[in-house]
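> Quick check, what structure comes out for this input:
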Amino acid sequence: MSNTKPTIVICSSASFYRQAVEVDAELQKLGFDVVLPKSARAMKASGDYSLTHQTWHTNPDDYPKKSELMRTHFDEIARGDAILILNYEKHGQPNYIGGNVLMEMAMALFMHRPIFLLNPAPEDSSFLEEILGTLPIVLDGDIGALPDAYEAALAARGQAELSDLPDAA
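The predicted structure follows:
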């Protein structure tokens, strides 16, 4: 990788925030700066990984809290260099990606950020077409593959940008 440390923004269901903290440490050892979602940072600091902060489920007046968490993470995605989706099993669905993470993937796509999936896309997702449409790079469960995959994504992006240039006369 280059001399500057790329920033990887972790995106996942809140149910996976304990794993996100573990992946954060692994990515730092691999030479990345890492941004965890705000709620994951709070859970890490408190050691409490319960989802009690999601009060909007029982009190609809708290949806502005959800909105603010979403905006904050969108801002982090915009400042980052790439996103890593942690997609583990949830509710019996392998490689779960929910609606919120799909929106984060759309944001990264719009911002021209590489999108990495830790595990393959969930084949039974009603969002499969949209997930695959973001052109994610699948790591097949291997966090250690991210440095090479990141460099390959940058090289591919550079080639794509070069191919967009008009031919010299």
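
> In this structure, mark out all the strands, start to finish.
Secondary structure of the chain (DSSP state E): strands located at 7-12, 33-35, 82-86, 115-117, 137-138.

> What is the last one packed up against?
Here strand 137-138 is seen to pack against strand 115-117, helix 146-163 when contacts are counted using 3 or more C-beta pairs under 8 Å, 6 or more residues apart in numbering; DSSP states H and E. Bear in mind the C-beta positions are built from the backbone N, C-alpha and C, glycine included.

> tilt between the longest one and strand 82-86?
Same thing as helix 146-163. Relative orientation of helix 146-163 versus strand 82-86 (axes from the mean of the first three to the mean of the last three C-alpha atoms, to 10 degrees): 130 degrees.

> Quick one: residues contacting M43.
Taking C-beta atoms under 8 Å, 6 or more residues apart in numbering, we find M43 in contact with Y17, R18, V21, Y49.

> Pipe these into JSON lines and attach neighbour count per row.
Shown next, in JSON lines, are these (neighbours: other C-beta atoms under 10 Å):
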{"residue": "Y17", "neighbour count": "22"}
{"residue": "R18", "neighbour count": "12"}
{"residue": "V21", "neighbour count": "18"}
{"residue": "Y49", "neighbour count": "18"}
